[in-house]
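Participant: Sharing a model that was predicted from the sequence below.
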There are 2 protein chains.
Amino acid sequence: MTDKAMTLYQYAASPNSRRVRIFLAEKGLSIPFIPVDLSKGEQHSDAYRAINPRRVVPTLVLDDGTAIGEVPAIMRYLDEAFPEKTLLGATPKDKGVIAMWERRAELEGFAAVMEGVRNKLAGLKGRAIAGAHDYEQIPALVERSVHRVKNFFDDFNARLEQVPFIAGERYSAADITTLVTLDFAKALELTVLPQHAALKRWYDTVSGRPSATA
Amino acid sequence: MTDKAMTLYQYAASPNSRRVRIFLAEKGLSIPFIPVDLSKGEQHSDAYRAINPRRVVPTLVLDDGTAIGEVPAIMRYLDEAFPEKTLLGATPKDKGVIAMWERRAELEGFAAVMEGVRNKLAGLKGRAIAGAHDYEQIPALVERSVHRVKNFFDDFNARLEQVPFIAGERYSAADITTLVTLDFAKALELTVLPQHAALKRWYDTVSGRPSATA
């Protein structure tokens, strides 16, 4: 619970929303969720566009009406406003290293899965990139995305042969983004292979935390 | 100047390196630069891969050998270690809002230009995505990138009709990423049009700061 009034506009099936839900759960924060039904296109409503002109979820709205969109920005606000249990690091060095790994997980993992899904699903025709503008699907990107996600699995398996968690010795926001990426990758029929033993060991550990059901 | 020994591995013609150079200049920090000649493929050398396995520039190396890659992560470290003149915000709210706008500038502007350039230039054949893995160019992405960058100009011009700087009332890291994006877009033969009066006014202001030559 928190004494600072905040609300999170989000959607249950949205992987980006799940990144923030897990982050909140790990910090022990419970705040009201307001659903934005992407299946009905509610992100394009005038009401939601006034909150987030990029028309993506999630958005965190503060008690003074300030709207913060973009998952890393929401994580940044939450870790600064509620520093008790940090997920982005306590020292400048830890903050830099965690930011680096969280971003690599997003750029090379999460974004690759997203690109594959958005260019593949019939229901997302004309919506190959999330946001305010329409872009046609490019079929060649589906195949490339699968290739990219496989490389990501290889690279992060190698990383986890060296350290217990993505950013090093401790659980952090980088683990959240990587966990959501692995679950999201199932939409492309990609799962961790037996030869990715370190990645599998890590996945079993982090997906067993209570926050993983958020 | 700084009493904490750091070095920046970077390349003069790299737009991502320029984002960090401007950031350092705005903070009044002067640190040694070590060139990584991308035109000679030096980012793929064993020596550089030991520093940055993703094989991209820039990388900030701290006095204890810790290597921090990824521009937003480097910015994060620098603003935490040298908080005197913040470029990422002083309060949790400012930090969230600046992170949001810096990211929007990167996702919708910088990354769009990068995608266009990497899929267009003959010299980048087989290297359509920066990093450790090779990906073939997809010609359809060049046209889409031009479309995306034009939308970015429209959207950020609209933003700058409301506020003097990208993240609001003050110059921040979001202005740095946007400035580098506009200069980088010239590689796609895209420049600010006369109807983008607010964007042009902003560009003239920020490109006139001493840091812009960094």
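Facilitator: Thanks, I have the structure now.

Participant: Report the angle between the top helix by length along chain A and helix B:140-160.
Facilitator: Ranked by residue count, the top helix of chain A under DSSP state H comes out as helix A:140-160. Compare the direction of helix A:140-160 with that of helix B:140-160 by axes from the mean of the first three to the mean of the last three Cα atoms, to 10 degrees and you get 80 degrees.

Participant: C-terminal to helix A:140-160, what's the next element?
Facilitator: Next helix or strand after helix A:140-160 toward the C-terminus (DSSP states H and E): helix A:173-184.

Participant: What helices and strands are in contact with that following helix?
Facilitator: Judged by 3 or more Cβ pairs under 8 Å, 6 or more residues apart in numbering or on different chains; DSSP states H and E, helix A:173-184 is in contact with helix A:15-27, helix A:71-81, helix A:92-104, helix A:111-120, helix A:197-207. (C-beta placed from N, C-alpha, C; glycine too.)

Participant: run the last query once more with 10 Å
Facilitator: Helix A:173-184 sits against helix A:15-27, helix A:71-81, helix A:92-104, helix A:111-120, helix A:140-160, helix A:197-207, with contacts defined as 3 or more Cβ pairs under 10 Å, 6 or more residues apart in numbering or on different chains; DSSP states H and E.

Participant: For that helix, buried residues please.
Facilitator: A:A173, A:A174, A:D175, A:I176, A:T177, A:T178, A:L179, A:V180, A:T181, A:L182, A:F184 (16 or more other Cβ atoms under 10 Å in any protein chain shown).

Participant: between these, which is closest to chain B?
Facilitator: A:A174 (10.7 Å; Cβ to the nearest Cβ).

Participant: A:P35 contacts A:Q43, doesn't it?
Facilitator: No. Counting by Cβ atoms under 10 Å, A:P35 does not reach A:Q43; the two are 11.1 Å apart.

Participant: Looking at those two, which has the bigger crowd around it?
Facilitator: A:Q43 (23 against 13; other Cβ atoms under 10 Å in any protein chain shown).

Participant: Do you know the pLDDT at that one?
Facilitator: Among the per-residue scores, A:Q43 shows a pLDDT of 95.

Participant: ok, now how distant is it from chain B?
Facilitator: 16 Å (Cβ to the nearest Cβ, to the nearest Å).

Participant: With adjacent residues omitted, what lies nearest to that residue?
Facilitator: Nearest non-adjacent residue to A:Q43, counting by Cβ to Cβ, 6 or more residues apart in numbering or on different chains: A:R55, 4.6 Å away.

Participant: re the thing from before, as a markdown table, the helices and strands packed on helix A:173-184 with mean pLDDT would be great.
Facilitator: Formatted as a markdown table, the helices and strands packed on helix A:173-184 follow (pLDDT from 0 to 100):
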| stretch | mean pLDDT |
| --- | --- |
| helix A:15-27 | 98 |
| helix A:71-81 | 98 |
| helix A:92-104 | 98 |
| helix A:111-120 | 98 |
| helix A:140-160 | 97 |
| helix A:197-207 | 98 |
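
Participant: need these in JSON lines with mean neighbour count and distance to chain B, can you?
Facilitator: Listed next are these as JSON lines, based on neighbours: other Cβ atoms under 10 Å in any protein chain shown; distance: least, Cβ to the nearest Cβ, whole Å:
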{"stretch": "helix A:15-27", "mean neighbour count": "22", "distance to chain B": "12"}
{"stretch": "helix A:71-81", "mean neighbour count": "23", "distance to chain B": "3"}
{"stretch": "helix A:92-104", "mean neighbour count": "24", "distance to chain B": "3"}
{"stretch": "helix A:111-120", "mean neighbour count": "21", "distance to chain B": "9"}
{"stretch": "helix A:140-160", "mean neighbour count": "19", "distance to chain B": "5"}
{"stretch": "helix A:197-207", "mean neighbour count": "17", "distance to chain B": "15"}
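
Participant: Brilliant, that's me finished.
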